[in-house]
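Asker: sequence first, predicted coordinates after that:
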Amino acid sequence: MPALRQIRVPYTPRLWGRGLAVLLLCAATAARAHIGSPDTFVQANAGPYTVLLSVHPPTAYPGAAQVELRAADITSATVALGASAPQPLQSSGPGVYTASLWTPTSAAHFLHLRLTGEQGTGALDLTLPANPAAASPTPNRNRELFFLFALLLALLAIAIAITSRKPLGRIAALAIAIAAAALCVFALRTPRSSVPATQLAATLNSTGMLHLTLTNPHESFLDLVPDDGKLLHLFLIRQPRLDLLIHLHPTQEKVPNQFDVQLPVMPSGAYSLYADLYHATGVEDTATLNLDLPGQSTSPTPLAGDDSVGSAAPISAAAPRPEPIPLPSGQLSRTAHLLDGYTMQLTTAAGIQQIHPHTAQLLTVTLLDPAGQPAKDMALYLGMPAHAVVYRADGGVFAHIHPGGTLPMTSMPVMNLDAMSTMSTAEPVPATATIPYGFPSPGLYRLFIQMRHSKVVETAAFDLNVQ
Ligand SMILES: [Cu+2]
């Protein structure tokens, strides 16, 4: 019988010993999608203009989101949230425009960007994801009580206004009634609640079948919609060296909160599990669980389809891998050597010798064949030319992002993304993809990039020191 036990970060070797030789139900820690990475980054075409848009949400609501737009050849731009009035973006440097955008609640919002320039007008509409991790303005349990109190006050004031004989008393009672009615509306517009985190639990059977159970106090949390064509993306990252990334797609059982997945051949060790979920409400959710897993020397079903395992050298703060090489252009280039002779190259934008937090940039990845040429047999992997998992070495940041940006694919239909044009199977898939991202905090990061050529899913790891 395999042993399965929950472990807690930080990972210390004494915790990794084999546990009881019985199946253990594991309790879970849980957090949000894009753990520690609340900013939105989008690279898209807005009419004739290619834009790089960053939105840094407020830490408490209502509050101001900071919007930054990078676009060439435009003369003016406006941005609006939902039905609110568009406000102009101010130029803060060549091709850089900023605005502070008042955001009433942590719910998902439509964002409308309008551009004007020499080549005419351009538009971009997208859905900013909900930010439930941020503070809510009113303690949510008080919301209903507050509403009832205001309603009672309004009714009482109306009754007084009707029965009062003094004109002054009537006016005062009416004024109180109007104020109380306004408070009722305010209470109703207060976010109902910050959605509680989804919990993940797991059991493992003797054949390596991992059985996952998702729970959430809000039963409606099972309004799951597929992202990248899958209801659940499960990432297993081996700790603490981050030398293995396993990307699986558990299948939903008859009970909708239960999922099963066969573990592939893999070494034993401490693993952090990240189950990525996307709700129909636009809320992203990542449930996490730290497990001590036994090794799998065989698997009844070979790894197939969209499931993948990628190994890499251990992460090291002293020697970031692969070694960064400055290019004459001022770019930094890193080359990861893959097991089948292919290589993956990562370059960061010109002039950026050091990567600073909160700075939007384009991470450009290219898959090269053994002859050093851009791979010609490229294929989409889960509907995308590339997938990236951004992971801070201490586990404080986890983000699953793509060319086009940090938005889940479920949020993309309203976007006229350039990257989306590559999703038609008739179009050749390019060997180069650009992923817009800004690291949210200083630290040592491992960037796992997955690209597919023919039927092979390549996984490369790049270490970046953000300071
Ligand atoms: Cu992905």
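Answerer: Alright, I've got the coordinates.

Asker: give the next helix or strand downstream of the least confident helix or strand in the chain by mean pLDDT.
Answerer: Least confident helix or strand of the chain, by mean pLDDT, DSSP states H and E, is strand 29-31 with a mean of 33. Next along the chain after strand 29-31, taking DSSP states H and E as the criterion, comes strand 40-46.

Asker: next, the angle strand 40-46 makes with the helix or strand that that next one is followed by.
Answerer: Using DSSP H and E, the helix or strand that follows strand 40-46 in sequence is strand 49-56. Relative orientation of strand 49-56 and strand 40-46, computed by axes from the mean of the first three to the mean of the last three C-alpha atoms, to 10 degrees: 160 degrees.

Asker: what sits up against strand 49-56?
Answerer: 38-45, 65-74, 101, 111, 113, 115, 117, 119, 122, 124, 126, 128, 358, 360, 362, 418, 436, 438 (C-beta atoms under 8 Å, 6 or more residues apart in numbering). Heads up, the C-betas are built off the backbone N, CA and C, glycines and all.

Asker: one more: stretch 252-268?
Answerer: Residues contacting stretch 252-268 (C-beta under 8 Å, 6+ apart): 204, 207-215, 222, 231-232, 234, 236, 238, 244, 246, 248-251, 293-301, 303, 307, 309.

Asker: give the ChimeraX command for selecting the buried subset of those.
Answerer: Listed next is the ChimeraX selection for buried residues among those, using 16 or more other C-beta atoms under 10 Å:
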select :204,208,210,211,212,213,214,222,231,232,234,236,238,244,246,248,249,250,293,294,296,303,307,309
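
Asker: among the contacts of strand 49-56, name the ones in helices.
Answerer: Residues of these located in helices (DSSP state H): none.

Asker: from those, which would you call buried?
Answerer: Those of the contacts of strand 49-56 that meet the buried threshold are 38-45, 65, 67-71, 74, 101, 111, 113, 115, 117, 122, 124, 126, 128, 360, 362, 436, 438, by 16+ other C-beta under 10 Å.

Asker: looking at those, which are in strands?
Answerer: Counting by DSSP state E, the buried ones among the contacts of strand 49-56 place 40-45, 65, 67-70, 74, 101, 111, 113, 115, 117, 122, 124, 126, 128, 362, 436 in strands.

Asker: which SS state does the residue of the chain positioned farthest from its centre fall under?
Answerer: Relative to the centre of the chain, the most outlying C-alpha is that of Arg165, 61.2 Å out, by C-alpha atoms, centre = their mean. Judged by DSSP: H, G, I helix; E, B strand; the rest coil, the three-state class of Arg165 is coil.

Asker: distance of it relative to Leu153?
Answerer: 21 Å (C-beta to C-beta, to the nearest Å).

Asker: now do Ser91
Answerer: Taking C-beta to C-beta, one finds Ser91 at 48 Å from Leu153.

Asker: any idea where the strands of the stretch 351-467 of the chain begin and end?
Answerer: Counting by DSSP state E, counting those that start in this stretch, residue ranges of the strands within the stretch 351-467 of the chain are 361-368, 378-379, 387-392, 398-401, 432-437, 443-453, 456-466.

Asker: make JSON lines out of those strands and add mean pLDDT and distance to Leu332.
Answerer: Listed next are the strands of the stretch 351-467 of the chain as JSON lines, based on pLDDT from 0 to 100; distance: least, C-beta to C-beta, whole Å:
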{"stretch": "strand 361-368", "mean pLDDT": "93", "distance to Leu332": "11"}
{"stretch": "strand 378-379", "mean pLDDT": "94", "distance to Leu332": "24"}
{"stretch": "strand 387-392", "mean pLDDT": "95", "distance to Leu332": "17"}
{"stretch": "strand 398-401", "mean pLDDT": "92", "distance to Leu332": "19"}
{"stretch": "strand 432-437", "mean pLDDT": "94", "distance to Leu332": "15"}
{"stretch": "strand 443-453", "mean pLDDT": "95", "distance to Leu332": "13"}
{"stretch": "strand 456-466", "mean pLDDT": "93", "distance to Leu332": "9"}
